[in-house]
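J.: prediction below, plus the sequence it came from.
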Amino acid sequence: MITPTVERFARNGALISGGAAAILLQVADPVVGAGVAEHSDFTHRPLDRLRNTLTFVYAVILGTPEEGARVAGYVNRAHTGIAGAMDATHQLWVAATLYDTAIRVHERLYGPVEDEFAELILAAYSPLATSLQVPEEVWPTTRAAFDEYFASYSATLVVTAEARQIARDLFHPVTIPLWGRAALPFVSALTSTLLGAELREAFGLPNHPRRSAAAWGVARFVARVAPRRLREWPSRYYLAALRKRGSAASSRAS
């Protein structure tokens, strides 16, 4: 059971602004990048991975144990037969990017996260790894241990041609709603700062410090003035959709 403050953190839809950065960090692991390149279609279905990832995150962290297990089962079945997708090493990295970007986005929007609170969030995020292939003892339990792991693994990242193509597809999809297309330059400006100079250059993302600073200024303003109900709408929407699918499946089975 997570605390109310951690639940409020996890429900904050503003954290989604780090989603593109998390994806690029993930695919900078060449094994993950190869799997995503072969089995994900960012060009024609750019919102599908976002929906699937958010459903997984919200179900595992905020849902019931049964809902978390059900969605983890979906993920495992989707990964069957994909090279490296069932490997704990790469699953740990994918889960770690979700925690890392969530913390860094929150700090950019609201200010520093104290170590004690960061470690409560770290514990709450652990099922993102352990509900799949990662043993419980492997997930870091302190912020220092997490930072050490993240820095060590980051040093092994290689942005391949496949990963660069994923980045191009992510920010230049063929099929996307108008609101999504309008948001892409904004998301790109946020993402370039979250990745850091080395990865930004490796992915070929533009570097416009003033544009990025302005984008974060807008994001901070919106995150602070938006009512809580609006900020938490994504988590409520995706959990409701998951429960609706579960009810429909139960009705068919009966």
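T.: Perfect, I can see it now. Residues are numbered from 1 along each chain as shown.

J.: from now on I want contacts and neighbour counts done on CA atoms only, so please keep to that.
T.: OK.

J.: can you pull out the low-pLDDT segments for the stretch 101-250 of the chain?
T.: Within the stretch 101-250 of the chain, the segments meeting pLDDT under 70 span 248-250.

J.: any chance you could map the helices in it?
T.: 115-125, 127-130, 143-154, 161-171, 178-195, 197-203, 209-225, 228-231, 233-253 (DSSP state H, counting those that start in this stretch).

J.: pick the most deeply packed of these.
T.: For the helices of the stretch 101-250 of the chain, the largest average neighbour count (mean count of other CA atoms under 10 Å) is found in helix 127-130, namely a mean of 22.

J.: got the CA positions of that one in CSV?
T.: Output in CSV follows, covering the C-alpha atoms of helix 127-130 (Å, rounded to 0.1, in the frame of the first residue of the first chain):
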residue,chain,number,x,y,z
PRO,A,127,6.7,-3.4,-9.2
LEU,A,128,7.4,-1.9,-12.6
ALA,A,129,10.4,-4.2,-12.6
THR,A,130,9.5,-7.0,-10.2
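
J.: other residues contacting it?
T.: Contact with helix 127-130 is made by 56, 57, 60, 61, 91, 92, 95, 96, 136, 139, as judged by CA atoms under 8 Å, 6 or more residues apart in numbering.

J.: okay but the fourth one is in contact with residue 121, surely?
T.: When you say that, I think you mean residue 61. No. With contact defined as CA atoms under 8 Å, residue 61 does not count as touching residue 121 (9.9 Å).

J.: hmm, back to that, in strands, which of the contacts of helix 127-130 fall?
T.: Of the contacts of helix 127-130, none are assigned to strands by DSSP state E.

J.: relative to the whole chain's centre, how far out is stretch 206-224?
T.: 19 Å (CA atoms, centre = their mean, to the nearest Å).

J.: okay, now the nearest residue to residue 223 once chain neighbours are set aside: neighbour count?
T.: Among residues not flanking residue 223 along the chain, residue 14 sits closest, at 6.2 Å (CA to CA, 6 or more residues apart in numbering). Neighbourhood size, residue 14 [other CA atoms under 10 Å]: 23.

J.: good, we can wrap up now.
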